[in-house]
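>>> Please find the sequence and the predicted model below.
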Amino acid sequence: DFIFTMESHQLCMSEEEYLAMHLGPAKSPVFLPVCITYLVIFMVGVLGNFLTCVVILHYRVMQTPTNYYLLSLAASDLLVLLLGMPLELYEMQQNYPFLLGEGGCYFKIFLFETVCFASILNVTALSVERYVAVVHPLKVKHLDTRAHVKRVIFMLWGLSMLCAVPNTSLHGIAVLPPRFGREFPRSAICHVVKPTWMYKLIILISTLVFFVLPMFIISILYLLIGLRLHREKIITVQRLSKRNLQVTKMLCVLVVVFGICWALFHVDRLMWSYMDMSSVQHLKLFENVHIISGVFFYLSSAVNPVLYNFMSTRFREMFRHITCHSKGWQAPVSLTL
């Protein structure tokens with residue numbers, strides 16, 4: 001009787017009510033505050049990463065192996081902010097129907113997966129470069145040529161795109177099945193359409209291979225760097241070594257911030273994959289984590305240029321000169337040391 005009553009109730013529902021019951025509200029209830037937060041992150045991130053790209057590409061003095069990795073990271077961040085953020089805001093404003101079709105769904109998943117993998121691989125490569133520069137300085141001339149770094153970056157992006165294919169292939173356009181002789185084309189969403197065990201396995205593997213393992217390696221590398229710097233008391237040496245130390249400290253902070261921001265992103269993915277969403281408490285917890293992880297995810301794409309400005313004398317002077325004295329400027333002597 002209860003089931004019959006429920007079906008009778010659903011039969012009397014409007015399409016909007018039926019979709020809301022199965023898919024939730026068409027518009028996220030937190031759209032406005034999240035949109036304002038994202039807008040601030042967007043403006044800071046796009047401006048900062050654009051300036052980072054300009055100073056590295058325009059001024060030869062900035063074209064160091066380390067900065068090439070930062071350039072690649074800035075390009076990744078710009079992709080997230082310029083393409084990923086509008087797509088997410090669009091979905092928050094209109095959860096369904098997904099109007100961009102199967103191609104748009106594939107593009108969205110492929111973009112986020114590629115950027116996710118490229119970012120961690122770039123940070124890992126940066127950490128390896130710092131380790132070699134500090135702990136094995138004699139090898140720098142052989143490993144840190146511009147041509148070598150460009151090849152590494154090209155390979156990192158190629159690997160990232162290749163590894164983004166499996167998860168992308170599991171997604172597609174899903175619609176609610178016909179019921180009561182009615183079809184629901186407005187229920188179209190970009191969602192997993194293949195067996196969920198495959199999706200869970202891919203998310204678990206990607207978290208281990210593209211977050212846990214790299215962060216473990218990075219932690220070991222910076223531990224070895226710290227031990228080397230402490231042993232040699234590099235602070236008391238010449239100015240060039242002080243600049244080298246400043247760069248290392250800046251990158252260490254970058255890695256810590258990156259790790260915190262992306263840890264929440266991976267927790268969000270694991271919760272979505274493995275948590276029982278039929279529980280109201282679990283669903284509420286996931287919704288809160290999802291909002292927070294989204295803010296931190298985009299924040300990680302905006303915070304790097306701020307770190308460069310605060311922690312790197314060279315970047316700070318470059319940002320100042322490119323914004324205030326863009327015409328007829330020559331690099332100060334201090335920047336060429």
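On my side now, so go ahead.

>>> Give the rounded mean pLDDT of stretch 126-142.
Mean pLDDT, stretch 126-142: 78.

>>> Could you do stretch 226-237 as well?
Mean predicted confidence for stretch 226-237 is 65.

>>> Please apply the same query to stretch 171-179.
The average pLDDT within stretch 171-179 is 83.

>>> what's the answer for stretch 252-260, then?
Rounded mean pLDDT across stretch 252-260 is 88.

>>> Could you list the buried residues of that stretch?
Neighbour-count burial for stretch 252-260 flags 252, 254-255, 257-259 (criterion: 16 or more other C-beta atoms under 10 Å). In this view, the C-beta of every residue, glycine as well, is placed from N, C-alpha and C.

>>> other SSEs contacting the one helix or strand residue 314 maps to?
Under the criterion of DSSP states H and E, residue 314 resides in helix 313-324. Applying 3 or more C-beta pairs under 8 Å, 6 or more residues apart in numbering; DSSP states H and E, we find helix 313-324 packed against helix 31-58, helix 239-274, helix 280-311.

>>> I figured residue 125 hits residue 154, correct?
No. Assessed by C-beta atoms under 8 Å, residue 125 is found out of contact with residue 154, at 11.6 Å.

>>> More neighbours: those two, which one.
residue 125 (21 against 11; other C-beta atoms under 10 Å).

>>> so who does that one touch?
69, 152-153, 156 (C-beta atoms under 8 Å, 6 or more residues apart in numbering).

>>> Tell me which of those residues fall in helices.
Among these, DSSP state H puts 69, 152-153, 156 in helices.

>>> which residues touch residue 203?
Going by C-beta under 8 Å, 6+ apart, residue 203 touches 167, 269-270, 273.

>>> out of those residues, what pair is the most spread apart?
167 and 270 (13.6 Å; C-beta to C-beta).

>>> more crowded one of these two?
Taking neighbours as other C-beta under 10 Å, residue 167 and residue 270 compare with residue 167 leading, 21 against 14.

>>> check contacts around that one.
109, 113, 199, 202-203, 206.

>>> so how far is residue 206 from it?
Taking C-beta to C-beta, to the nearest Å as the measure, residue 167 falls 7 Å from residue 206.

>>> Please enumerate the shared neighbours of those two.
Common neighbours of residue 167 and residue 206 (C-beta under 8 Å, 6+ apart) are residue 113.

>>> Quick one: residues contacting residue 247.
66, 130, 312.

>>> again with residue 273
So residue 273 contacts 196, 199-200, 203-204 (C-beta under 8 Å, 6+ apart).

>>> repeat that with 10 Å
Going by C-beta atoms under 10 Å, 6 or more residues apart in numbering, residue 273 touches 192, 196, 199-204, 207.

>>> Residue 33 touches residue 291, doesn't it?
Yes. Judged on C-beta atoms under 10 Å, residue 33 makes contact with residue 291 at a distance of 9.1 Å.

>>> State the pLDDT value of residue 321.
On the pLDDT scale, residue 321 gets 79.

>>> Any idea how many residues pack against it?
A count of nearby residues for residue 321, using other C-beta under 10 Å, gives 17.

>>> buried residues in stretch 16-36?
Applying a neighbour-count criterion of 16+ other C-beta under 10 Å, one finds 18-19, 23, 28, 34 buried in stretch 16-36.

>>> okay, and the common contacts of residue 33 and residue 291?
By C-beta under 10 Å, 6+ apart, no residue touches both residue 33 and residue 291.

>>> How much space separates the nearest residue to residue 310 once chain neighbours are set aside from residue 133?
Spatially, and ignoring its direct neighbours in sequence, residue 310 is nearest to residue 316 (7.7 Å; C-beta to C-beta, 6 or more residues apart in numbering). From residue 316 across to residue 133, the span is 21 Å (C-beta to C-beta).

>>> more crowded one of those two?
The residue with more neighbours, out of residue 316 and residue 133, is residue 133; 19 against 13, by other C-beta under 10 Å.

>>> so where do the strands sit in the stretch 51-200 of the chain?
171-174, 189-192 (DSSP state E, counting those that start in this stretch).

>>> List the strands paired with the first one, with their directions.
It stands for strand 171-174. Under the criterion DSSP bridges, strand 171-174 sits next to strand 189-192 (antiparallel) in its sheet.

>>> got the buried residues for the partner strand?
Neighbour count says strand 189-192 has 189-190, 192 buried, by 16+ other C-beta under 10 Å.

>>> List the buried residues for stretch 201-216?
Those would be 202-203, 206-207, 210-211, 214-215, for stretch 201-216 by 16+ other C-beta under 10 Å.

>>> no, scratch that, I was asking about stretch 82-97
Neighbour counts over stretch 82-97 (16+ other C-beta under 10 Å) mark 84-85, 87-89, 91-92, 95-97 as buried.

>>> Now do it, average pLDDT.
On average, stretch 82-97 scores 88.

>>> How about exporting it as PDB, limited to the C-alpha atoms?
C-alpha atoms of stretch 82-97 as PDB (Å, rounded to 0.1, in the frame of the first residue of the first chain):
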ATOM      1  CA  LEU A  82      39.300  30.200 -17.600                       C
ATOM      2  CA  LEU A  83      37.600  27.000 -18.700                       C
ATOM      3  CA  GLY A  84      37.000  24.800 -15.600                       C
ATOM      4  CA  MET A  85      35.500  27.400 -13.300                       C
ATOM      5  CA  PRO A  86      32.900  28.700 -15.700                       C
ATOM      6  CA  LEU A  87      31.800  25.100 -16.400                       C
ATOM      7  CA  GLU A  88      31.400  24.400 -12.700                       C
ATOM      8  CA  LEU A  89      29.500  27.700 -12.100                       C
ATOM      9  CA  TYR A  90      27.200  26.800 -15.000                       C
ATOM     10  CA  GLU A  91      26.400  23.400 -13.500                       C
ATOM     11  CA  MET A  92      25.800  25.000 -10.000                       C
ATOM     12  CA  GLN A  93      23.400  27.500 -11.600                       C
ATOM     13  CA  GLN A  94      21.700  24.800 -13.700                       C
ATOM     14  CA  ASN A  95      22.400  21.300 -12.400                       C
ATOM     15  CA  TYR A  96      20.200  19.800 -15.100                       C
ATOM     16  CA  PRO A  97      19.700  19.500 -18.000                       C
END
